[in-house]
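>>> return a 3D structure for these sequence lines:
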Amino acid sequence: MSTAAYLDRFGLRYAAGARAVVGILMAAAAPFAAPPAGMLLCGTVAVVLAGWSAAYLWLMRTRPATWVWVVDMAVMCALCLAQRWLVDPALLVRFLGWVSPIASLAVVALQWHTRPLPGAGAVVAVCVAFVVGAAAAPEITVLQALAAGGAWTAVEAGLSRLLWGLVRRGGRLADERMAQQLAAQRWAELARARRAGQRAHWATVHDTAASTLLMVGLGGVRGTEAWLPGQIERDVAALQGIPTSDSGLQETVRRVVLGALIPVELRGDADLVLPGPAAGALGGALTETLENVHRHAGTGRAEVLLEVEDARVRVTVRDHGRGFDPAAVPAQRFGLARSVHERMDGVDGRAVVESTPGLGTVVRLEWPR
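Sure thing, here's the model as predicted:
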């Protein structure tokens, strides 16, 4: 629900509740205000007013309709016109009459759930009825009737309309700001998704076609290797976005090891069927890790250890090369950041790199089971 709609519903219920409560309280006080027409007539009017106030509250909260507040304004006008019989003139002059509070509160509350023109018409009708009814009492002039409530009721209604207008305007502004914020968040999420897609594509190119072409260009591949057609097929499938099928851990790692440009000692006979995305991420990250060993470690071999635990699958790559400082890797080098870390992050896994200059490097690729 929008803020404006919530305020409209709240305004209706608050106004109806205030009007009903004040009506019942004034009805209870009416017989004790020395009515000129006597207790019987005033008591009867008070009972009718209390009953209508309760009915008004129920109707406005369950089935609000125009006729309900129109009838309520007619009741207020009738009370105002009957003041000469219901209110002691001495109390009326001293602003202590019981009709004035209920009449003024009724028109004030009305401004919270009606349009300006009908609301203004109701204010004029009640104010005129109040002045006419009060001035009809003995020893009360029109000016005294205006001062006793006729003029002030109009002022209160105008202030109520102004306040409600400011409240509703604030609600509309809040909805607009919220809509703008949600739109900005959607655009930010869309841009983030686009960047993630671009990075995933770059990583795929880097780990597949680019690596294969590099091996060919460096002369590390003669073209007669048994694994080369399968590698090219997997590269093309990856570039076309064809999902990787489920694969065993051993199969995934052995395929990468066979295609490596350096000798790899594979240890561990643990196996597990990996979902396609996890197999693709582990395979791609392992390929890039072994490629980094070949390019940068300055050693002719690497060790790969497979471990399957209750909570995770771990593939550890260790070399005894020159090592490096992970914090000093240039930002433009995408191998670890994109092809290793982001691949594992994409399947809720992680890559941990530990390296010290002169002491080699250890890369742990972990995927939660």
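>>> report the rounded mean pLDDT for stretch 36-46.
Average pLDDT, stretch 36-46: 86.
>>> can you check stretch 276-296 too?
For stretch 276-296, the mean per-residue pLDDT is 85.
>>> what's the answer for stretch 184-204, then?
For stretch 184-204, mean pLDDT rounds to 69.
>>> cool, and stretch 123-130?
91.
>>> off-centre distance for stretch 79-96?
Distance of stretch 79-96 from the chain centroid (Cα atoms, centre = their mean, to the nearest Å) equals 54 Å.
>>> keeping just the C-alphas, turn that stretch into PDB.
The C-alpha trace of stretch 79-96 is given here as PDB (Å, rounded to 0.1, in the frame of the first residue of the first chain):
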ATOM      1  CA  LEU A  79     -28.600  20.600  16.800                       C
ATOM      2  CA  CYS A  80     -27.300  24.100  16.100                       C
ATOM      3  CA  LEU A  81     -30.800  25.400  15.200                       C
ATOM      4  CA  ALA A  82     -32.300  23.900  18.400                       C
ATOM      5  CA  GLN A  83     -29.800  25.500  20.700                       C
ATOM      6  CA  ARG A  84     -32.400  27.800  22.200                       C
ATOM      7  CA  TRP A  85     -34.100  24.800  23.700                       C
ATOM      8  CA  LEU A  86     -31.000  22.600  24.400                       C
ATOM      9  CA  VAL A  87     -28.400  25.100  25.800                       C
ATOM     10  CA  ASP A  88     -28.600  27.600  28.700                       C
ATOM     11  CA  PRO A  89     -28.100  31.000  27.100                       C
ATOM     12  CA  ALA A  90     -25.700  31.900  30.000                       C
ATOM     13  CA  LEU A  91     -23.500  29.000  29.200                       C
ATOM     14  CA  LEU A  92     -23.700  29.700  25.500                       C
ATOM     15  CA  VAL A  93     -22.400  33.300  26.000                       C
ATOM     16  CA  ARG A  94     -19.600  32.000  28.100                       C
ATOM     17  CA  PHE A  95     -18.500  29.400  25.400                       C
ATOM     18  CA  LEU A  96     -19.600  26.500  27.600                       C
END
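>>> and it, what's buried?
Buried residues in stretch 79-96, counting neighbours by 16 or more other Cβ atoms under 10 Å, are found at 79-89, 91-93. (Glycine included, C-beta is placed from N, CA and C.)
>>> tell me the SS of P357?
Secondary structure assignment for P357 (DSSP: H, G, I helix; E, B strand; the rest coil): coil.
>>> residues contacting it?
R322, G323, F324, D325 (Cβ atoms under 8 Å, 6 or more residues apart in numbering).
>>> with pLDDT, secondary structure and distance to V273 added, can I get the residues you listed in JSON lines?
Listed next are the contacts of P357 as JSON lines, based on pLDDT from 0 to 100; DSSP: H, G, I helix; E, B strand; the rest coil; distance: Cβ to Cβ, whole Å:
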{"residue": "R322", "pLDDT": "87", "secondary structure": "coil", "distance to V273": "37"}
{"residue": "G323", "pLDDT": "86", "secondary structure": "coil", "distance to V273": "35"}
{"residue": "F324", "pLDDT": "85", "secondary structure": "coil", "distance to V273": "35"}
{"residue": "D325", "pLDDT": "82", "secondary structure": "coil", "distance to V273": "38"}
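>>> any idea which of those residues is closest to T62?
D325 (72.7 Å; Cβ to Cβ).
>>> chain neighbours aside, what residue packs nearest to the closest one?
P357 (6.1 Å; Cβ to Cβ, 6 or more residues apart in numbering).
>>> got phi/psi on the one you found?
Main-chain torsions, P357, degrees, to the nearest 10: phi -50, psi 130.
>>> residue boundaries of the strands in the protein?
247-248, 264-267, 273-274, 302-308, 312-319, 350-355, 361-368 (DSSP state E).
>>> relative to D8, how far out is A179?
Distance from A179 to D8, counting by Cβ to Cβ, to the nearest Å: 18 Å.
>>> repeat for A78
To D8, A78 is 29 Å away according to Cβ to Cβ.
>>> who has more neighbours out of those two?
Counted by other Cβ atoms under 10 Å, A78 and D8 do not tie: D8 has more neighbours, with 18 against 14.
>>> ok so, going back, want to throw the buried residues of stretch 79-96 into CSV with pLDDT and distance to T114?
Below are these laid out as CSV (pLDDT from 0 to 100; distance: Cβ to Cβ, whole Å):
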residue, pLDDT, distance to T114
L79, 91, 20
C80, 89, 19
L81, 90, 22
A82, 88, 25
Q83, 87, 25
R84, 85, 29
W85, 88, 30
L86, 85, 27
V87, 83, 27
D88, 81, 33
P89, 79, 33
L91, 78, 31
L92, 75, 28
V93, 71, 32
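>>> tell me the one among these nearest to G158.
Closest approach between the buried residues of stretch 79-96 and G158, by Cβ to Cβ: C80, at 18.4 Å.
>>> contact partners for the closest one?
Residues near C80 by Cβ under 8 Å, 6+ apart: V99, A103, V126, A129, F130, V132, G133, A134.
>>> what about 10 Å?
C80 makes contact with 86-87, 99-100, 102-103, 125-134, 145, 149-150, 153, according to Cβ atoms under 10 Å, 6 or more residues apart in numbering.
>>> same check on G23?
Shown in contact with G23 (Cβ under 10 Å, 6+ apart): 49-54, 56-57, 72, 75-76, 79, 101-102, 105-106.
>>> picking up where we left off before, now the contacts of C80: which count as buried?
By 16+ other Cβ under 10 Å, these give 86-87, 99-100, 102-103, 125-127, 129-134, 145, 149-150, 153 as buried.
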